[in-house]
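**Student:** Have a look at this prediction, sequence included:
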Amino acid sequence: MQSHFSVIIVGGGPIGLACAIEAQKNNISYLVLEKGCLVNSLYHYPVNMTFFSTSDRLEIGKVPFVCNNAKPTRNESLEYYRRVTQNFGINIHLFEQVLQVDRLEPTDNRSRFHIQTNKFSYTCDKVIIATGFYDIPYLLHIPGEELPKVTHYYSDPHFYAFQDVVVVGAMNSAVDAALETYRKGARVTMVIKGDAIGSRVKYWVKPDIENRIKEGAIHAYFNASLKAVREHEVDIETPDGLVTLKTTGYSGNRLPAQP
């Protein structure tokens, strides 16, 4: 098996695939290393997600992205990037996580790198880091954040039916999570750092969340922050002082929460 490449690309998302296509077009030996499945971050997007961008802005390799509507869904995107990978025959290793990257002593006036994964070792002349940011959760660093009932990623709203859900944040992802879980019967409370829903929230969604809050269907604490999570309750710091919310559980008194 080949162990040295001119370029090793860490991350098999759209950017990593685009880099691979360009390397291939220029006859540069390359390898893409992806710790999960193909376009792993997109795979972990909410199941019913529709992208904010139009399909033409998600195209790579000059391959047209044809979809049913102007803005593609998660499933359409997964299918598009799978076909692009297949059509270009991209050299990619899936479920191979990069553990360490070390710079070696220059050889023949080239800086070389040693790449250690959970499966093999490689060397290369250049490294491209294309890991994006979605796989790196935004941690609150509060007590109880490690509890099983806390998740930093939102997938399917059905899971939260008839449960108490705390959504921390007020941008697009948080608003989508709040509205979708509410419509599946969850009792939703939003904890919002500022004094309003985020200004960048999709224009066709913003009135919906604001009206649900106004009518009391979704409760919201503004200028607030989540301070602690416990098995049966959470602490929220508000302008009026600390508020403790009792929480009901499921399957062993575990509360699904969404920081």
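**Tutor:** Yep, it's here.

**Student:** Chain neighbours aside, what residue packs nearest to the residue nearest the centre of the chain?
**Tutor:** Ranked by distance to the mean C-alpha position of the chain (CA atoms, centre = their mean), the top residue is Tyr134 at 3.4 Å. Excluding the flanking residues, the one nearest Tyr134 by CB to CB, 6 or more residues apart in numbering is Ser41, at 4.1 Å. C-beta coordinates here come from the backbone N, C-alpha and C atoms, glycine included.

**Student:** Could you check which helix or strand contains that neighbour?
**Tutor:** Assigned by DSSP states H and E, Ser41 belongs to helix 40-43.

**Student:** what's that helix in contact with?
**Tutor:** Helix 40-43 is contacted by residues 12-14, 34, 36-37, 74, 77-78, 81, 132, 134-135 when judged by CB atoms under 8 Å, 6 or more residues apart in numbering.

**Student:** quick one: the residue nearest to the centre of the chain and Pro46 touch, right?
**Tutor:** No: here Tyr134 does not reach Pro46: they are 11.6 Å apart, not a contact under CB atoms under 8 Å.

**Student:** just to revisit the earlier point, next, the buried residues of the helix or strand just after the helix holding Ser41.
**Tutor:** Using DSSP H and E, the helix or strand that follows helix 40-43 towards the C-terminus is helix 74-88. Using 16 or more other CB atoms under 10 Å as the test for burial, helix 74-88 gives 74, 76-78, 80-81, 84-85, 88.

**Student:** Give me the local confidence score for the residue nearest to the centre of the chain.
**Tutor:** Tyr134 carries a pLDDT score of 73 in this model.

**Student:** ok, and for the helix holding Ser41, which residues are buried?
**Tutor:** 40-42.

**Student:** Read off the pLDDT value for Gly16.
**Tutor:** For Gly16, the model assigns a pLDDT of 97.

**Student:** ok, for it, nearest residue in space, not its chain neighbours?
**Tutor:** Nearest to Gly16 is Ala130, by CB to CB, 6+ apart, at 3.8 Å.

**Student:** Next, count neighbours for the one you found.
**Tutor:** 19 (other CB atoms under 10 Å).

**Student:** wouldn't it be in contact with Gly13 here?
**Tutor:** Yes: at 6.5 Å, Ala130 counts as touching Gly13 under the criterion of CB under 8 Å.

**Student:** how close does Ala161 sit to Arg183?
**Tutor:** 10 Å (CB to CB, to the nearest Å).

**Student:** Also Glu79?
**Tutor:** Applying CB to CB to Glu79 and Arg183 gives a distance of 26 Å.
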